[in-house]
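J.: predicted coordinates and the sequence they were generated for:
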Amino acid sequence: AQSVTQLDSQVPVFEEAPVELRCNYSSSVSVYLFWYVQYPNQGLQLLLKYLSGSTLVESINGFEAEFNKSQTSFHLRKPSVHISDTAEYFCAVSGVTGGGNKLTFGTGTQLKVEL
Amino acid sequence: DAGVIQSPRHEVTEMGQEVTLRCKPISGHNSLFWYRQTMMRGLELLIYFNNNVPIDDSGMPEDRFSAKMPNASFSTLKIQPSEPRDSAVYFCASTQLGNNEQYFGPGTRLTVT
């Protein structure tokens, strides 16, 4: 079984400032890791994912996350945020073996970008 | 592609009534998931199907909840009888077996008064 911890429930940040959303996971098997974004009144959308290979993965809108196996972390970062990045961000994990496509989600971090 | 389709988008009902939520997965997807999202408990997996067969229903809160997938293009989540604590946003998601990206529908906001 896997679990995900997102310690920050809310992160306020000014526009053009950098941001980091923290995610730690626990698993007894190798994992795939994901960040999903949820805009108000919408479903979740995949932002980026780590399956294998390079531990640094990037999204098309400037976010990046780094898989750190020793620290069991997959923190999400963006060097300069925009108002449109205001949303809730969910970290998720699935086991490489077993569990089918089942994802375990964290409790989410609300990113609020202010002018 | 139309994406995952859920209906209704909003449902308001009285305690004790039966509620049926519907989901049409993306064509060609053979894995379907039902989630519930609340402020208190976050996003919870209720049940998922592979090739129309329920694989894991351990997240279904109690016997009042049931889910079916009669064919590859349709699934229902039924609550009978409904209670105020069932108020939440219910999401359906689909994917292809072996693909780790789940595609979410827009959700159904259920309010039980």
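T.: Sure thing, it's come through. The structure presented is a predicted model; accordingly, all values stated were derived computationally and were not measured. Residues are numbered from 1 along each chain as shown, chains lettered A, B, ... in the order given.
J.: neighbours of the residue in chain A that chain B sits nearest to, how many?
T.: Proximity to chain B, evaluated over chain A using C-beta to the nearest C-beta, is greatest for A:Gly43 at 3.5 Å. Heads up, the C-betas are built off the backbone N, CA and C, glycines and all. The tally of other residues near A:Gly43 (other C-beta atoms under 10 Å in any protein chain shown) stands at 22.
J.: who's in contact with it?
T.: Shown in contact with A:Gly43 (C-beta atoms under 8 Å, 6 or more residues apart in numbering or on different chains): B:4, B:91, B:93, B:104-107.
J.: for chain A, state which of these is nearest.
T.: Chain A lies nearest to B:Phe104 out of the contacts of A:Gly43, by C-beta to the nearest C-beta, at 3.5 Å.
J.: got any ranges where chain A has weak pLDDT?
T.: Where chain A drops to pLDDT under 70, the residues are A:98-100.
J.: could you pull up the residues touching the residue nearest the centre of chain A?
T.: The centre of chain A sits closest to A:Trp35, judged by C-alpha atoms, centre = their mean, with a distance of 3.3 Å. Contact partners of A:Trp35, counting by C-beta under 8 Å, 6+ apart, are A:23, A:46-49, A:59, A:63, A:65, A:74, A:76, A:89-92.
J.: swap in 6 Å and give it another go.
T.: Applying C-beta atoms under 6 Å, 6 or more residues apart in numbering or on different chains to A:Trp35 gives the contacts A:47-48, A:65, A:76, A:91.
J.: which helix or which strand is home to it?
T.: Per DSSP states H and E, A:Trp35 falls inside strand A:31-38.
J.: quick one on the thing from earlier: dihedrals phi and psi, the residue nearest to the residue of chain A closest to chain B when sequence neighbours are not counted?
T.: In space, and not counting its chain neighbours, A:Gly43 is closest to B:Phe104: 3.5 Å by C-beta to C-beta, 6 or more residues apart in numbering or on different chains. According to degrees, to the nearest 10, the main-chain angles of B:Phe104 amount to phi -100, psi 150.
J.: and B:Met39, by the same measure?
T.: Backbone torsions of B:Met39, given as degrees, to the nearest 10, read phi -60, psi -40.
J.: burial measure for it, as a count.
T.: Using other C-beta under 10 Å, B:Met39 has 6 neighbouring residues.
J.: ditto for B:Asn52
T.: Number of residues near B:Asn52 (other C-beta under 10 Å) recorded here: 15.
J.: give me the pLDDT value at it.
T.: pLDDT, B:Asn52: 95.
J.: right, I'll call it a day here.
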